[in-house]
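**Q** Let me see the structure of the following:
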Amino acid sequence: MRKIIVAFDGLNFSETALQYAIYLSEKQPSVLVGVFLNELYYLPQPGLMFPDVPIWAKEDEEFTAEHQKIEQQFASICEQAGVSFRIHNDLQDNVLQSLIEETRFADLLIISSERFYINFFEDILNDALKTTLERAECPVLVVPETMTPFDNIVLTYQNHPSSVYAIKQFSYVMPALTNLPAHLVNVTNSNSDTNLPEQDRLTEWAVKHFSNLNINQLHGKNIEKTLVEWVASITNPIIVMGSFSRSMISQLFKESLASNIISQHKIPVFIAHK
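**A** Numbers count the residues shown, from 1 in each chain. This is a model prediction of the structure:
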């Protein structure tokens, strides 16, 4: 049995993130832990008319009542789905640090790319998401606000230890998904490269864990754009990335991406790093 954390920013309850957790729990027995980052709503935020004067996001009583409803909703959905669950709402002081400490004792963290820290300004949101991705002590699954079962796995590989580590972690944490078509993909700006780096040794290991493995060597001057455009041709994928791909992570959810591929086709991303 695996332990899956679903993190919620205060009152910004992402039912879709929970549905992804339930979906994975149905594939393999798991206990779902709802972690509610309550204290975020007690942080001062700049006022709209007076930017230098902080305002409070919620009054204590109002927040408590609404928060209890959110917890009840979480519990009700889990009970209806017949999955084991826990609720952790006693995080103190630095809530991000508390979340990181929670991940130390978990197999997977799920957060919504659209609902996580939605009340904060974009630069704060980006910093919070980046901090969570970089410091989490278990793999992180970042999901959009539309629940779609996975049909394909995209295993990004850049001949870097972190990308191999991420692929391994995915196979260990989500073994029930490894029978899906898995696309091992490398992108290079050199047309002379026809094989993946270390392809023989990599595939020797990978075929033991992914029963339907495909090898894809892509060529393009802009590596990130080439990958994103190729991923758009894959049906309902989940992308697996290592820490080498942090710059790609930010682009995957950025509305201003020139091709708008990802903004039109939001994609779940599994991130793991040592």
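
**Q** The stretch 101-250 of the chain: helices as residue ranges?
**A** 122-135, 161-173, 199-206, 223-231, 246-252 (DSSP state H, counting those that start in this stretch).

**Q** which stretch in those is the model least sure about?
**A** Per-stretch mean pLDDT for those is lowest at helix 246-252 (a mean of 52).

**Q** give me the low-pLDDT residue ranges for the stretch 151-274 of the chain?
**A** 191-194, 243-265 (pLDDT under 70).

**Q** mind running it again at 80?
**A** Within the stretch 151-274 of the chain, the ranges that satisfy pLDDT under 80 run 158-160, 189-198, 223-225, 243-266, 274.

**Q** who's in contact with residue 231?
**A** Going by CB atoms under 8 Å, 6 or more residues apart in numbering, residue 231 touches 154, 237, 239, 261, 267. Just so you know, the C-beta spots here come from the backbone N, C-alpha and C atoms, and that holds for glycine as well.

**Q** Just give me the neighbour total for the last one.
**A** This means residue 267. 22 (other CB atoms under 10 Å).

**Q** for it, helix, strand, or coil?
**A** Three-state assignment for residue 267 (DSSP: H, G, I helix; E, B strand; the rest coil): coil.

**Q** and the gap between it and residue 147?
**A** 13 Å (CB to CB, to the nearest Å).

**Q** Name the residues contacting each of those two.
**A** With CB under 8 Å, 6+ apart, residue 267 and residue 147 have no common neighbours.

**Q** Can you select the buried ones from the contacts of residue 231 in PyMOL?
**A** Those of those that count as buried under 16 or more other CB atoms under 10 Å are selected in PyMOL with:
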select buried, resi 154+237+239+261+267
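
**Q** Let me have the contacts of residue 231 in TSV, extended by distance to residue 5.
**A** Shown next, in TSV, are the contacts of residue 231 (distance: CB to CB, whole Å):
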residue	distance to residue 5
154	24
237	23
239	20
261	29
267	21
